[in-house]
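> next come a sequence and a model predicted from it.
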Amino acid sequence: GKQKDAFKTYLSQKKEVHFWYSGKDYHIRIKKVVIFPQGYAVIAPQIASYDGRVNVIDVGSGTIDILQVINKKPVLSKCISLPVGILTCIDDIQKYFRMQYNMELDDYSIQEVLQLRTGDLPEELAAATQELIREYTKKVLAELEQKGINLRFQKCLFCCGGSLVFKNYGDLKGENIIFNTDIHANAKGFEWLCRGMER
């Protein structure tokens with residue numbers, strides 16, 4: 001929130017941008033820049049279905065960002081960003097394999113296990129990787145509890161790409177726990193919000 005105005009100024013510097021992405025040439029005109037709290041875009045399209053309090057837990061590669069929404073309004077003073085995204089888990093696994101097995105475990109092998117596939121890993125190595133992922137999720141969930149998020153009864157929406165790890169390994173149960181594992185959830189939400197503003 002503190003960086004909002006500076007970020008808006010930075011994004012507004014160029015009114016036209018030309019770039020190449022995935023084999024396609026793009027030329028865009030920036031009409032307006034709007035800033036939303038991290039995670040809000042994910043919940044916005046379904047916000048009418050959420051009553052009371054919901055914690056939006058956006059699990060990214062670098063950070064886990066938490067936004068509390070009460071009665072459909074984001075509570076900006078309760079925004080939290082934890083530097084323990086999925087890359088932390090991957091780094092811990094790679095360090096463990098270097099020390100324990102004197103070997104490098106590549107990202108592909110770890111990603112396979114994160115998604116409940118073992119790929120080409122032998123059973124022993126896959127089991128060790130799974131245990132390290134469980135330890136990571138326990139550590140993060142304990143940190144969320146320390147920050148005042150009660151996972152036993154508060155409504156919690158785990159979202160975006162990294163939420164799949166918590167769905168697969170987090171031992172999270174109860175009707176109060178919701179998962180949106182769509183890696184495009186933020187982008188779809190931003191589009192929905194901007195179309196609404198245009199209307």
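Thanks, I have the structure now.
> pretty sure Tyr169 contacts Lys138?
No. Using Cβ atoms under 8 Å, Tyr169 is not in contact with Lys138; the gap is 9.0 Å. Backbone N, C-alpha and C define where each C-beta goes, glycine included.
> okay, the two: which has more neighbours?
The neighbour comparison of Tyr169 against Lys138 (other Cβ atoms under 10 Å) goes to Tyr169, with 21 against 13.
> in the protein, spot the strand with the most residues.
strand 73-82 (DSSP state E).
> and the residue positioned nearest the centre of the chain, how far from Ile86?
Taking Cα atoms, centre = their mean as the criterion, Val59 is the residue nearest the geometric centre of the chain, at 2.2 Å. Shown here: Val59 relative to Ile86, a distance of 7 Å by Cβ to Cβ, to the nearest Å.
> for this structure, longest helix please?
helix 123-146 (DSSP state H).
> mind giving me the packing neighbours of that one?
If contacts are counted by 3 or more Cβ pairs under 8 Å, 6 or more residues apart in numbering; DSSP states H and E, helix 123-146 sits against strand 73-82, helix 86-101, helix 107-114, helix 163-169.
> buried ones in it?
The neighbour-count check on helix 123-146 (16 or more other Cβ atoms under 10 Å) flags Leu125, Ala126, Ala128, Thr129, Gln130, Leu132, Ile133, Tyr136, Thr137, Val140, Leu141, Leu144 as buried.
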